[in-house]
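Student: Sequence and predicted model, in that order:
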Amino acid sequence: MKKKHEAIRMCIVCKKRFKQKILQRYFINDGMICTNLSFGRSFYMCSLCFNGNKEHTKKALFRLCKSLNLTLQQEGLKEIFSNG
């Protein structure tokens, strides 16, 4: 009997690998961070990093946007951190 393959993804902040089901999936759409899209490029964050040190998370998001040549609006980042 074969084991079912489980997808492994990496948190963009702490760079640790987790099962995909555990991580939270986010997208950048028109300079805003979205959680409800189901297609396109995305990134993952673990709950510890999301709820932990906000400065490390902000730096990781800006680094990601810079590498993708995207501009992330500061309001979108603040909204995601305040609303969860």
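Tutor: All right, it came through fine. Not measured: the values here are computed from a predicted model.
Student: And the helices in this structure?
Tutor: Taking DSSP state H as the test, the helices found in the chain are 47-51, 54-67, 74-83.
Student: low-confidence ranges in this protein?
Tutor: 31, 66-84 (pLDDT under 70).
Student: ok, C49 - contacts?
Tutor: C11, V13, C14, H56, T57, A60 (CB atoms under 8 Å, 6 or more residues apart in numbering). C-beta: built from backbone N, CA, C; applies to glycine.
Student: Sheet partners, orientation included, of the strand of greatest length in the chain?
Tutor: With secondary structure taken from DSSP state E, the chain has its longest strand at strand 24-29. Here strand 24-29 is paired, per DSSP bridges, with strand 32-34 (antiparallel), strand 43-45 (antiparallel).
Student: Distance from stretch 20-35 to the middle of the chain?
Tutor: 5 Å (CA atoms, centre = their mean, to the nearest Å).
Student: let me fix that: stretch 38-56
Tutor: That offset, for stretch 38-56, works out to 3 Å (CA atoms, centre = their mean).
Student: One more: stretch 1-15?
Tutor: That offset, for stretch 1-15, works out to 15 Å (CA atoms, centre = their mean).
Student: Not counting that stretch itself, show me its contacts.
Tutor: So stretch 1-15 is in contact with 16-21, 23, 43-46, 48-49, 56-57, 60-61, 64, going by CB under 8 Å, 6+ apart.
Student: 10 Å instead?
Tutor: 16-26, 42-50, 52-53, 56-61, 63-64 (CB atoms under 10 Å, 6 or more residues apart in numbering).
Student: would CSV of the contacts of C49 with distance to D30 and neighbour count be doable?
Tutor: Compiled in CSV, those are given as follows (distance: CB to CB, whole Å; neighbours: other CB atoms under 10 Å):
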residue, distance to D30, neighbour count
C11, 24, 22
V13, 23, 23
C14, 27, 16
H56, 25, 12
T57, 21, 21
A60, 20, 18
